[in-house]
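[1] Provide a 3D model corresponding to the input given below.
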Amino acid sequence: MENAADALKLGASILIFVLSLTISINAFTEARQTTQLILDYNDREYDLSYEERYIEDNGTTERVVSAESIIPAIYKSYTENYKIVFKNLGSDKLYEKRDSNYQWQDINYIDLRKESLASVYQRKQFIQGILYGSNSFESTEKNKIIKEYETLGIRFTSDGIYDIIKNSKYTEKFGVYYEQDTYDGVSNTPTANYDKKRIITYEQN
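    So this is what the prediction gives:
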């Protein structure tokens, strides 16, 4: 009889524990989703505010930022179709890119939609290479990754730019342009269907 009572108590304790764990997980999930929603809303509000001011002023807007603002912008640059340009970085380049004459050129901007990166994983690796350099890749995979990107016409610096930007302040200038305006010759795309692209410039103070 005592064993049955003990078993019931143990079962009840386990049930309470599982129920508490489930409630905690649900609470954390809701909190994370709410936090992400607030962050996304603030980002959209910030971008919309900048874009409206650009349309009104027909110029650029600016603010002073640090790495905490720059790195999320880099990670969002593909999905949001940003072009990110660095000036006075403290380094000669972000990475090197091979041109049509097979010469390596120093690049000071990120425009992921112009790169031949077929997957989300490749884009994440590319950003990792930009921020932390080729030395950040797994040692067992490092040479393979370097060769893979050189085949794509991309060569990373060894250390990346994170150590340069982490303790510095940058003036962020935000603007908008239409990609068709950068084409050579005449575009056949109607003006109403032009692709609007945001450009963010970071210049070290």
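
[2] identify the residue spatially nearest to Ser168, adjacent ones excluded.
    Closest residue to Ser168 apart from its sequence neighbours, by Cβ to Cβ, 6 or more residues apart in numbering: Gln204 at 5.6 Å. C-beta here means a position set from N, CA and C on the backbone, and glycine is covered the same way.

[3] surely the one you found and Glu172 touch.
    No. Using Cβ atoms under 8 Å, Gln204 is not in contact with Glu172; the gap is 11.1 Å.

[4] ok, the two, which is more surrounded?
    For the pair Gln204 and Glu172, the greater number of neighbours falls to Glu172 (21 against 14), based on other Cβ atoms under 10 Å.

[5] that one belongs to a strand?
    Yes. Remark: Glu172 belongs to a strand, assigned using DSSP: H, G, I helix; E, B strand; the rest coil.

[6] and it, how far is that from Ile70?
    Shown here: Glu172 relative to Ile70, a distance of 8 Å by Cβ to Cβ, to the nearest Å.

[7] could you pull out the helices in this structure for me?
    Taking DSSP state H as the test, the helices found in the chain are 2-57, 67-76, 120-132, 142-151, 162-165.

[8] now the last one: average pLDDT?
    It refers to helix 162-165. Average pLDDT, helix 162-165: 91.

[9] ok, what's across the strand from the residue nearest to Ser168?
    Per DSSP bridges, residues listed as beta-bridge partners of Gln204: Tyr170.

[10] identify the residues contacting it.
    87-90, 168-170 (Cβ atoms under 8 Å, 6 or more residues apart in numbering).

[11] check what pLDDT it gets.
    Gln204 carries a pLDDT score of 87 in this model.

[12] same question, Arg53
    46.

[13] so which bits of stretch 86-100 are buried?
    For stretch 86-100, the neighbour count (16 or more other Cβ atoms under 10 Å) marks 86, 89, 91, 93-97 as buried.

[14] could I get these in TSV, plus columns for pLDDT and distance to Asp159?
    As requested, the buried residues of stretch 86-100 are exported to TSV (pLDDT from 0 to 100; distance: Cβ to Cβ, whole Å):
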residue	pLDDT	distance to Asp159
Phe86	92	15
Leu89	80	13
Ser91	73	9
Lys93	88	12
Leu94	93	12
Tyr95	95	12
Glu96	95	14
Lys97	94	18
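
[15] got those as TSV, with distance to Ser13 columns?
    Below are those laid out as TSV (distance: Cβ to Cβ, whole Å):
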residue	distance to Ser13
Phe86	58
Leu89	59
Ser91	59
Lys93	62
Leu94	57
Tyr95	57
Glu96	62
Lys97	62
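
[16] next step: those restricted to strands.
    Those of the buried residues of stretch 86-100 mapping onto strands are 86, 95-97, per DSSP state E.

[17] ok, of those residues, which one's closest to Lys197?
    Using Cβ to Cβ, Phe86 is the member of those that sits closest to Lys197, with 17.1 Å.
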